[in-house]
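Chemist: The following block contains a protein sequence and its predicted model.
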Amino acid sequence: MGRGWRVLDMTTLVGRVTTRRGQLLVRPQDGDEVAVPVADVALVLFGQKVSLGGGVVHYLAQHDVSALMCDWRGVPLAGFHAWSDHTRVGARQRAQAALSKPRQKNAWLQIIRAKISGQAATLALADELAADHLRDIASRVRSGDPNNHEAEAARWYWRYLFADRDFSREQDGTDNTNSLLNYGYGIIRGLGIRAAASAGLTPALGVFHSNRSNPFNLVEDLIEPFRPVVEACVYSLPADASLEHPSVKQALVATATTKFDDSGLSVGAALDDLAQQFGRYAEGDIERLPVRVWTPRAEGS
């Protein structure tokens, strides 16, 4: 059975979720029942007012669907994911833990170069000349990014991408633009957790991120090239767009199924592929980590 990439946002749902013959049944307190084929779904976001039983949790895990439990703002607080049935999970995790510093640094090079190139593709939607400078920065990234070109690129990127707004990128920012970005990143992060688990990897063991209290350091590494997809979506929305508007959330949720590059793979499928390739890289099956680059024009191709 193929993997689904649909994301269901139930953060504002007041009602109950049950299952029946391959479907999730969403039953709003006031409204008609909606049936969703579980085979189409990758991730479900549950809010505080959703009622569900242990059978639903088991059903989602059985079908390799991840779920995030969110607070009143829609920010994920916890989640559950099916345990990996990868045939080499033990060997792969030992190889991941033993990955040498030079190979970690080379993997980070490929990730950051792809991230900055993706940022350039998004920035080109607003300012082609400014995007050219990002492409130059990407070409100068070296193993391990010792000169922190990632930060240099970020300063330039945020300065020009939202030049028409009074914007400063803050991880905990509560203004509309930061809130939209953080919500979108949360969706990508949920897909990344699912991808890492399915690839038989240990999400806590990153190649660059190493926060001892973060159980998803590797996921933070892997999602870096995918952040520009969310940023392109936010750029396309009105400056006063808010998470209070259902259509805005729907646009951000749709990033999961957006075509990522000219291969035709969706964001979710491309992230899944990157996790699998990283597993092969950790085990020494390949010498260089192949990282795809976000190509906005792919969506219309």
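Modeler: Cool, the structure landed.

Chemist: mind checking which helix or strand the spatially most central residue of the chain is in?
Modeler: For the chain, the residue nearest the mean C-alpha position is I188 (1.7 Å; CA atoms, centre = their mean). Assigned by DSSP states H and E, I188 belongs to helix 176-198.

Chemist: again with V230
Modeler: Element membership of V230, judged by DSSP H and E, is helix 227-236.

Chemist: Check which helices and strands whatever helix or strand comes next after that helix sits against.
Modeler: Toward the C-terminus, helix 227-236 is succeeded by helix 246-253 as the next helix or strand (DSSP H and E). The contact analysis (3 or more CB pairs under 8 Å, 6 or more residues apart in numbering; DSSP states H and E) places helix 246-253 against strand 6-10, helix 176-198, helix 227-236. No exception for glycine: its C-beta is placed from N, CA and C like everyone else's.

Chemist: Please work out which of those is packed deepest.
Modeler: helix 176-198 (a mean of 23; mean count of other CB atoms under 10 Å).

Chemist: Going by contacts, tell me the helices and strands next to that one.
Modeler: strand 6-10, strand 41-46, strand 66-70, strand 76-80, helix 217-222, helix 227-236, helix 246-253, helix 267-282.

Chemist: okay if I get these as TSV plus distance to E152 and mean pLDDT?
Modeler: What follows is those, written out as TSV (distance: least, CB to CB, whole Å; pLDDT from 0 to 100):
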stretch	distance to E152	mean pLDDT
strand 6-10	32	87
strand 41-46	33	88
strand 66-70	32	85
strand 76-80	30	77
helix 217-222	19	95
helix 227-236	16	97
helix 246-253	27	91
helix 267-282	24	95
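
Chemist: Of all these, which one comes closest to L180?
Modeler: Smallest distance to L180 across the helices and strands packed on helix 176-198 (CB to CB): 4.7 Å, for helix 227-236.

Chemist: Need the contact partners of that closest one.
Modeler: Helix 227-236 has contacts (CB atoms under 8 Å, 6 or more residues apart in numbering) with 115, 118-119, 121-122, 125-126, 161-162, 177, 180-181, 184-185, 187-188, 241, 251-252, 254-255, 258, 260, 267, 294, 296.

Chemist: thinking again about what came up before, the helix holding I188 vs helix 227-236, what angle?
Modeler: Orientation check (axes from the mean of the first three to the mean of the last three CA atoms, to 10 degrees): helix 176-198 against helix 227-236 gives 150 degrees.
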